[in-house]
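S.K.: Next input, structure requested:
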Amino acid sequence: MNNALTVTGNVDAMNGLDVTSGALTVGGDTNFIVDAATGNTDIAGTLAVVGATTLSGNVDAQAGLDVTGGDLTVGGTSFTVDAATGNTGITGTLAVSGNVDAQAGLDVTGGDLTVGGTNFTVDDATGNTDIDGTLTVDGATTLGDGDAGDEVTVNTAGGTDLVISEGGVDRSSSSEETFAIDNSGTNHVNVLINGATSTTNSRLTVNNGHWTSQQTNAPTITGATGKTTAQAITNATDVAGMISFTTDNPAGSAAQVSVTFNSAYSTAPIVVLTAANGDAGGSDVYVTSTATAFTVNFDSAPSNDTEYEYYYQVIETE
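M.R.: Modelled structure (predicted):
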């Protein structure tokens, strides 16, 4: 038939329907069109396929591809989305050129996690993280899980300073701010500044410009037998404190009291005494020291039954 054929009823082509050298249009002008020149199919409505559909060419679903009631399988079993669980199984390599938004977390099992080439790498075997660039953390950061072996090393190459900005410890805050090392637990952490050996059982703080020496166990004071009574040590650490004692039958050039350090020094330290009351101010006193203690001596006999008070400061030198 060379002329146009118009069929107002149903067309039942049981052996197939071939349209050659022209377009196939169904449902008016643009609802369903097969272009004879390109083979492309344009559908203005919804394509509903009840049975299995095999597409041998590319599927470009710009507005999304919804698969309901069954799995979506691409490339055999290389890429599978399970309709029952929603899980995606990929046997090959997943390459994502855009952003990955893993709102419920991102688990990488059995291999390394690499971001930006080698800029950011998490080693699956060791759990170590290597960062070639700069690590910027905007929120709170916890390094380690509190185990005894946790260590944080900053500036192993010696080229960068450790900077703690005022944004973390705000001195303009209406309440007192604290930067603490070892602010919990029963034991203490030693802070070593440009030295070879740290000192146990000691803490040094700066509060509002005030140097504060703190120590769990104070040094002890002992009076010379038959020379002093009521000896006492107060506000005391191995670094500084106050001693007091009352003389009893004193003699010249004789030891009066000895202070034993809680923790021995490496060498005999320098000990400086400052009179803390009037009687101490007029005394003829001197100090001797060892690595474990210092002793207060009178060069001439002091007054009997008199209280003497002294502040002391201890400085260790090499």
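
S.K.: part of a strand, is Ala232?
M.R.: Yes - assessed by DSSP: H, G, I helix; E, B strand; the rest coil, Ala232 belongs to a strand.

S.K.: How about it: what's its closest non-neighbour residue?
M.R.: The spatial neighbour of Ala232 that comes closest, neighbours along the chain excluded (C-beta to C-beta, 6 or more residues apart in numbering), is Ser244 at 5.1 Å. Every residue, glycine included, has its C-beta placed from N, CA and C.

S.K.: now stretch 173-188: mean pLDDT?
M.R.: Average pLDDT, stretch 173-188: 65.

S.K.: what helix or strand does the residue nearest to Ala232 sit in?
M.R.: strand 240-247 (DSSP states H and E).

S.K.: Tell me which other helices or strands that strand touches.
M.R.: strand 220-223, strand 228-234, strand 254-260, strand 307-315 (3 or more C-beta pairs under 8 Å, 6 or more residues apart in numbering; DSSP states H and E).

S.K.: Redo those as a markdown table? Include mean pLDDT, mean neighbour count and distance to Gly209.
M.R.: Shown next, in a markdown table, are the helices and strands packed on strand 240-247 (pLDDT from 0 to 100; neighbours: other C-beta atoms under 10 Å; distance: least, C-beta to C-beta, whole Å):
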| stretch | mean pLDDT | mean neighbour count | distance to Gly209 |
| --- | --- | --- | --- |
| strand 220-223 | 96 | 17 | 30 |
| strand 228-234 | 93 | 16 | 23 |
| strand 254-260 | 93 | 20 | 28 |
| strand 307-315 | 96 | 18 | 18 |
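
S.K.: Can you check which of those gets nearest to Asp150?
M.R.: strand 307-315 (33.5 Å; C-beta to C-beta).

S.K.: hmm, who's touching the closest one?
M.R.: 230, 238-247, 256, 259, 261, 265, 269-277, 279-280, 283, 285, 294, 296, 302 (C-beta atoms under 8 Å, 6 or more residues apart in numbering).

S.K.: ok, how many other residues are close to Pro250?
M.R.: 20 (other C-beta atoms under 10 Å).

S.K.: how about Ala280, secondary structure?
M.R.: helix.

S.K.: leaving aside the residues next to it on the chain, what's closest to it?
M.R.: Tyr308 (4.6 Å).

S.K.: and the gap between the closest residue to Ala293 other than its chain neighbours and Asp238?
M.R.: Distance criterion C-beta to C-beta, 6+ apart; nearest residue to Ala293, sequence neighbours excluded, is Thr260 at 4.5 Å. Separation of Thr260 from Asp238 (C-beta to C-beta, to the nearest Å): 10 Å.

S.K.: Repeat that for Asp112.
M.R.: 51 Å.

S.K.: Looking at these two, which is more packed in?
M.R.: Neighbour count, other C-beta under 10 Å: between Asp112 and Asp238, Asp238 has more, with 23 against 12.

S.K.: Please name the residues that touch the spatially closest residue to the more buried one that is not a sequence neighbour.
M.R.: Spatial nearest neighbour of Asp238, excluding adjacent residues (C-beta to C-beta, 6+ apart): Phe261 at 4.6 Å. The contact partners of Phe261, by C-beta under 8 Å, 6+ apart, come to Pro219, Asp238, Thr292, Ala293, Val314.

S.K.: list residues touching both of Thr260 and Asp238?
M.R.: Pro219.

S.K.: Give me the below-cutoff pLDDT ranges for the stretch 101-250 of the chain.
M.R.: The stretch 101-250 of the chain contains residues with pLDDT under 70 at 146, 148-149, 155-171, 178-208.

S.K.: Tell me where it has strands.
M.R.: For the stretch 101-250 of the chain, the strands defined by DSSP state E, counting those that start in this stretch occupy 113-115, 120-122, 129-131, 203-207, 210-214, 220-223, 228-234, 240-247.
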